[in-house]
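Asks: Build the 3D model from these lines:
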Amino acid sequence: MTIFKNKVNIENFSIENIDISGIEKIIDFLPTTGVVDVNIAEMGLVYTLEGQNLCQEKIAQIDRWVGFLETEKNKAWTKAALEKSKINGYKTAKDKEWFAQADDDYSDAYNDLALAKACKKWFENKASYFSGWHYAFKTFLRRDYSIENSTNISVGGYNTSKPEGGAFPAHAPGSDDQDMCGDIDWE
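Replies: Numbers count the residues shown, from 1 in each chain. Next up is the predicted model:
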């Protein structure tokens, strides 16, 4: 059984240690020249969905981490303003506020939060990147398939529905005629 809390677990979590190798592999698959064929587009649909999924899973975890770091930043500021500033002899509210702004623990917490927000933004941008490619592949395939379907060339196996007359041509699967080649019977 998969539990949601395991997906967003931030115990022993570190922004610097997030594995992005799966995302990088998908990025490497995407065409850099803009040349796309049917095979690349069909595989690209699957890969881009997988890329979006990888990003979205990490975004949920990072979002939780951002909330935790915001709390840590607020605690560091409060401790600096209320406790450390007294020890250092600051008495006015403005002096305590300035002291807290310059406190090293507060600065470290603020920088950790900024890094987490940048990481979240990176994953959101990659998810958007994959979404754009997915749309491009889908559009390419829709156009390619519509061109294929608009031709008058009959490709065996693609169309198994009966035409308007209700009878299959002699060469079509399911026809009663035993002549597989579709030759005209000259009797």
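Asks: and this protein, what are its domains?
Replies: Structurally, the chain divides into domains by automatic domain parsing as follows: 4-150, 154-187.
Asks: Which stretch among these is buried most, on average?
Replies: domain 4-150 (a mean of 15; mean count of other C-beta atoms under 10 Å). Just so you know, the C-beta spots here come from the backbone N, C-alpha and C atoms, and that holds for glycine as well.
Asks: in this structure, which ranges drop under the pLDDT threshold?
Replies: 145-187 (pLDDT under 70).
Asks: Tell me which helix or strand comes right after the host helix or strand of residue 52, heading toward the C-terminus.
Replies: Using DSSP states H and E, residue 52 sits within helix 38-79. Scanning forward in sequence from helix 38-79 by DSSP H and E, the next helix or strand is helix 85-87.
Asks: quick one: contacts of the helix or strand following that next one?
Replies: Toward the C-terminal end, the helix or strand that comes next after helix 85-87 (DSSP H and E) is helix 93-102. Contacting residues not belonging to helix 93-102 are listed as 77-78, 80-82, 84-86, 88, 90, 106 [C-beta atoms under 8 Å, 6 or more residues apart in numbering].
Asks: And the next helix or strand along the chain from helix 93-102, what does it pack against?
Replies: The helix or strand immediately downstream of helix 93-102 is helix 104-150, counting by DSSP H and E. Where contact means 3 or more C-beta pairs under 8 Å, 6 or more residues apart in numbering; DSSP states H and E, helix 104-150 is packed against helix 21-29, helix 38-79.
Asks: Run the chain-centre distance for helix 104-150.
Replies: From the chain centre to the centre of helix 104-150 is a distance of 6 Å (C-alpha atoms, centre = their mean, to the nearest Å).
Asks: again with stretch 65-80
Replies: 29 Å.
Asks: could I have that stretch exported to CSV, CA atoms only?
Replies: Only the C-alpha atoms of stretch 65-80 are listed here, as CSV (Å, rounded to 0.1, in the frame of the first residue of the first chain):
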residue,chain,number,x,y,z
TRP,A,65,9.7,21.9,2.4
VAL,A,66,9.1,25.6,1.6
GLY,A,67,6.4,25.7,4.3
PHE,A,68,8.8,24.2,6.8
LEU,A,69,11.6,26.6,5.8
GLU,A,70,9.3,29.6,6.1
THR,A,71,8.6,28.5,9.7
GLU,A,72,12.3,28.2,10.4
LYS,A,73,13.0,31.6,9.0
ASN,A,74,10.3,33.2,11.1
LYS,A,75,11.6,31.4,14.2
ALA,A,76,15.2,32.6,13.5
TRP,A,77,14.0,36.2,13.1
THR,A,78,11.9,36.0,16.3
LYS,A,79,14.8,34.5,18.3
ALA,A,80,17.2,37.2,17.0
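Asks: Specify the angle between the helix holding residue 52 and helix 21-29 in degrees.
Replies: Following axes from the mean of the first three to the mean of the last three C-alpha atoms, to 10 degrees, one obtains 140 degrees for the angle between helix 38-79 and helix 21-29.
Asks: Okay then, goodbye and thanks.
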